[in-house]
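Novice: generate coordinates for the sequence data below:
(2 chains)
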Amino acid sequence: MTTDTIHDSHGHDHHDHKMTGIKRWLYTTNHKDIGTLYLWFSFIMLLVGGALAMLIRLELFQPGLQFVEPDFFNQLTTVHGLIMVFGAIMPAFTGFANWMIPMMVGAPDMALPRMNNWSFWILPFAFAILLSSFFMESGAPNFGWTFYAPLSTTFSNGSTAFFVFAVHIMGVSSIMGAINVIVTIMNMRAPGMTYMKMPLFVWTFFITAYLLIAVMPVLAGVVTMVLTDTYFGTSFFDAAGGGDPVMFQHIFWFFGHPEVYIMILPAFGIVSTIIPTFARKKLFGYSSMVYATASIAFLSFIVWAHHMFTTGMPLFGELFFMYCTMLIAVPTGVKVFNWVATMWRGAMTFEIPMLFSLAFVILFTIGGFSGLMLALTPVDFQYHDTYFVVAHFHYVLVTGSLFSIYAGAYYWLPKWTGHMYNDKWSKAHFWCSLISVNILFFPMHFLGLAGMPRRIPDYALQFADFNKWVSIGGFAFGLSQLIFLVVVIKCIRGGKKAEANPWEATEGLEWTVASPAPYHTFETPPKID
Amino acid sequence: MTTKEYESYYVPAKSHWPIVGAVALFLIAVGAANYVTDLKNEQSGFGGYILIAGIALVIYMVYGWFSNVITESMAGKYSHQMDTSFRQGMSWFIFSEVMFFAAFFGALFYARMYSVPWLGGDGNNAMTFEVLWPEFTAQWPLIATPDGTTTTAMGWYGLPLINTVLLLTSSVTAHFAHVALEKDNRGQLKFWLGFTILLGLVFLYCQGLEYAHGYAEEMKLYLTSGIYGNTFYLLTGFHGMHVTLGTVMLIVMFIRIMKGHFTPKNHFAFQATSWYWHFVDVVWVILFVFVYII
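Specialist: Residues are numbered from 1 along each chain as shown, chains lettered A, B, ... in the order given. From the prediction side, this is the model:
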């Protein structure tokens, strides 16, 4: 690992107990160390989850069964989803939060530094448990990342308990991380940093943290019910005992829908930080951004059953969830409008963070529009469980969340490492990713509209050509991410020295400290006017 | 907070407790998963031992971690801001606990309002009823499940009512203890806190008795007795686990008070324990209404 990432450049080292070697990372209480750990962990998980995705695409390269058994294919889709959601996207954002929030609000560290370290170190163990199930006799979980009952109860394989307890401790980690963020933001802001002066990334993660503490316990509840149904003879999700398998979906999606926003709100924050810098204008409509984020968070609690239109809900339910879902387009539209208005007549330059942000705005909007299509109850009967859904959520999660993570990583890499990233390699990363990701996901829309079901290892012959292109896009996109690894390693090891404020950003306390950021920042709070 | 004079915020230099805690949770997860898997397959294995090792390690971690915190606090390293961090952290933790119970209450309400009536043909489910279980009667408490498991409902009078009185009283006595602490009346503090612990222990005993009645031959109310037994045991069970934890926390507070810890101004741990105790009390009241009475 990168023990020498952060060089101490400040003079006073009276309580700078930075250790060397592995102990530094195991025992650390420093928000920057923990942020670095989160970011590396999430990148490793991205590569693992990506490898599983490439196996999926390998099988789907041609119709027929070539490489894997159907049951193993189910394990691949399940673990791919779980790893990307809980192992890649969420920890990456938490890594940003750890690194940036204390610096952005002018705090010396996170509010509860030891608990912060605990939150991180639970994760590698949780994913070790999850991944170890691949090597068990029964194989890994095979019921989809949404683990619908009765697939996860009556018909599940022998490793379900490992899945359940892995999710439990991931939840413990998320809840503690979220509490830490909330307390840091509420209690540790520098004097003068009022709520409406906070950078938008801080705001979006603040709201995300509330979503986390509200819904991760519900996830814990529902996996507990899956556990008791599977192992202790309860019948929450079994009609023979008075329960209902559809009840599983209600409870799961009460967690699952806010979870979707947990993975996108921080992305909004990152993009809202980067676009003003490279458009050289103030963010258009700061307060409307804050209110839009809060509105999206609120609405996320009353739209969950739009994942369940085909379960035979009462008509009133179908209509209620359809209209509420469409309502989300309003605050989201406000955001997209504000980003465009920020760029309007700005003196724009196109550094890598800006390129990723622009790609985010356009491609995320495509994902948003296909979401609107899915929100329409009558047409959802056609799209449900097809590749159209897969295309939709990969546009919002890959070209949305993941691209914003890259944008943020390039934006703050100079602050983290003290070096500018290599321009040539990072441009290659951007353009390869942008082109391949669209080859990968865009044809999926048409496959879905034509009726290709998701999570099935084989397909009808007429889908063969499109699937070939999707797979080629998939391999290209997967391999392109290795370029990013090269960029980061090169950046850590050297490169052009970064100034304190390499982007000439006008906002953000993080740019007032040296690059790389000193091990301890803002031990006395900065002045805010 | 924004205008007051700045006090430095204590950031501990390093700690090995978090990684011990992470290993402990790992052992608990692996142990529990192995244990329940073996239980289902009717095998014996090491799961139980790993689980116990994990729990022991958690207790060791909590003890060591909190000892550090207490030492630091008594050494005067903590500022008011730090105290606020702890308080806010505890409040949001309790909020997350509320959401955990909400999931199980949600299951209870869904079963009562939708799944059981629908199985009885309610709404547009006439054919569900005719085709699946035409003999089924939709009722609550569900004492006869569609597949024919029968059981008996737990009444609200008797033990549950006694338990309600016990917990409500204990919430009041916990408050008296807090008031006594703020008035620096250590004698009263010890009395009321001790009394609260006693009420908690009696509650747990009564809860155990109630479970024994449920599992007795006359009632046949088992965890596996359909959705009524499921929601009954999981809601009261998780509540009981929280009361157990709360009682342990109260006992630790008692020991610390005997050692002379806490001042009228500085007693976050006591405050947090008291919040937690009020929280389990409120959950019980909701539980008493919706699980037992209605």
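Novice: quick check: longest helix of chain A.
Specialist: When chain A is parsed with DSSP state H, its longest helix is helix A:200-231.
Novice: can you tell me if it touches chain B.
Specialist: Yes - counting by CB under 8 Å from any CB of the partner chain, chain B has neighbours in helix A:200-231: A:213-218, A:220-222, A:224-225, A:227-228, A:230-231. Glycine gets a C-beta too; all of them are placed from N, C-alpha and C.
Novice: highest neighbour count among those?
Specialist: Per-residue neighbour counts (other CB atoms under 10 Å in any protein chain shown) across these peak at residue A:222, which has 31 neighbours.
Novice: so what's it up against?
Specialist: Residues near residue A:222 by CB atoms under 8 Å, 6 or more residues apart in numbering or on different chains: A:248, A:251-252, A:255, B:103.
Novice: in which helix or strand does the residue nearest to residue B:48 when sequence neighbours are not counted reside?
Specialist: Leaving aside its sequence neighbours, residue B:48 sits nearest to residue B:35 (CB to CB, 6 or more residues apart in numbering or on different chains; 5.0 Å). If you go by DSSP states H and E, residue B:35 is part of helix B:17-40.
Novice: ok, back up a step: from what I see, the residue nearest to residue B:48 and residue B:49 are in contact.
Specialist: No - using CB atoms under 8 Å, residue B:35 makes no contact with residue B:49, being 9.1 Å away.
Novice: name the residue in those two with the higher neighbour count.
Specialist: Taking other CB under 10 Å, residue B:35 and residue B:49 do not tie; residue B:35 has more neighbours (20 against 13).
Novice: for the more buried one, give me its contacts.
Specialist: Applying CB under 8 Å, 6+ apart, we find residue B:35 in contact with B:45, B:47-48, B:50-51.
Novice: distance from the chain centre to stretch A:408-417, please.
Specialist: Remark: stretch A:408-417 is offset 18 Å from the chain centroid, using CA atoms, centre = their mean, to the nearest Å.
Novice: again with stretch B:41-58
Specialist: Relative to the chain's own centre, stretch B:41-58 is displaced by 22 Å; criterion: CA atoms, centre = their mean.
Novice: give the buried residues for the helix holding residue B:35.
Specialist: Neighbour counts using 16 or more other CB atoms under 10 Å in any protein chain shown place B:17-39 of helix B:17-40 among the buried residues.
Novice: ok now it, how far from the chain's centre?
Specialist: Its chain's C-alpha centre and that of helix B:17-40 lie 20 Å apart, by CA atoms, centre = their mean.
Novice: helices or strands up against the following helix or strand past it?
Specialist: Using DSSP H and E, the helix or strand that follows helix B:17-40 in sequence is helix B:47-74. For helix B:47-74, the contact count by 3 or more CB pairs under 8 Å, 6 or more residues apart in numbering or on different chains; DSSP states H and E identifies helix B:17-40, helix B:268-287 as packing neighbours.
Novice: in the last one, what's buried?
Specialist: When you say that, I think you mean helix B:268-287. For helix B:268-287, a neighbour-count test (16+ other CB under 10 Å) marks B:268-281, B:283-284, B:287 as buried.
Novice: same deal with stretch A:428-448?
Specialist: If you call a residue buried by 16+ other CB under 10 Å, then stretch A:428-448 has these buried ones: A:428-430, A:432-434, A:436-445, A:447-448.
Novice: ok, for the residue in chain A that chain B sits nearest to, nearest residue in space, not its chain neighbours?
Specialist: Per CB to the nearest CB, residue A:221 is where chain A lies closest to chain B, at 2.7 Å. Spatially, and ignoring its direct neighbours in sequence, residue A:221 is nearest to residue B:103 (2.7 Å; CB to CB, 6+ apart).
Novice: can you pull the pLDDT of the one you found?
Specialist: Note for residue B:103: predicted pLDDT of 97.
Novice: got a list of what it touches?
Specialist: By CB under 8 Å, 6+ apart, the contact list for residue B:103 reads A:217-218, A:220-222, A:225, A:251, A:254.
Novice: that one: which element?
Specialist: Per DSSP H and E: residue B:103 is located in helix B:80-110.
Novice: which element follows that helix toward the C-terminus?
Specialist: Once the chain leaves helix B:80-110, the next helix or strand it forms, by DSSP H and E, is helix B:116-119.
Novice: state the mean pLDDT of that next one.
Specialist: Computed over helix B:116-119, the average pLDDT equals 96.
Novice: just give the closest residue to residue A:277, not the sequence neighbours.
Specialist: residue A:505 (4.5 Å).
Novice: the one you found sits in which helix or strand?
Specialist: Using DSSP H and E, residue A:505 sits in no helix or strand.
Novice: do I have it right that residue B:151 meets residue B:218?
Specialist: No - counting by CB under 8 Å, residue B:151 does not reach residue B:218; the two are 11.0 Å apart.
Novice: quick one: least confident helix or strand in chain B?
Specialist: Of all the helices and strands that make up chain B, helix B:126-131 has the lowest average by mean pLDDT, DSSP states H and E, namely a mean of 93.
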